[in-house]
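Asks: Quick one, structure for this:
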Amino acid sequence: MNTPSDYIFLTLDGNNLRFNKNKSLEVSIKRDYHNLDNSRYHPITSTIHYNKKTRYKRRVCMINKVQYGHARLVYKAYNSDWDMNDTTRPNRIGYDNDDATDMNINNLVLVKNKKHFA
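Replies: Now for the predicted structure:
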């Protein structure tokens, strides 16, 4: 059973998100039900987008009809002062082990020029 210390929390555009520290692909969004005390977290499904031309894989998820790069969400959860909406090259997320499906925070790094970006 997970405890609150197993999670890191992020508020993004008014949405409360919860990330499992041990399973970075496990992301949930808090849904309130008519301002009652029975609000709870629901899992967010992420998918892998594959560009046939560049052979680039990218994991994305939808939050209230907005698509976000999964790596950018995980990085933002651990680095609250980082501006995830700045998509200029120096603000991109790369993968330390070059595995774009590995969303562990230890694998995500800010890069200036690298093959894989989120």
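
Asks: In contact with the most centrally placed residue in the chain, which residues?
Replies: Against the mean C-alpha coordinate of the chain, by C-alpha atoms, centre = their mean, the closest residue is Leu73 at 2.6 Å. Residues counted as contacts of Leu73 (C-beta atoms under 8 Å, 6 or more residues apart in numbering) are 10, 12, 17, 19, 27, 61, 84. Any C-beta I mention is one placed from the backbone N, CA and C, and that applies to glycine too.

Asks: Just give me the closest of those residues to Lys53.
Replies: Cys61 (22.9 Å; C-beta to C-beta).

Asks: secondary structure element for the closest one?
Replies: In this assignment (DSSP states H and E), Cys61 forms part of strand 56-63.

Asks: For PyMOL, write the select line for the buried members of the contacts of Leu73.
Replies: A single PyMOL command selects the buried members of the contacts of Leu73 (16 or more other C-beta atoms under 10 Å):
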select buried, resi 10+12+17+19+27+61+84
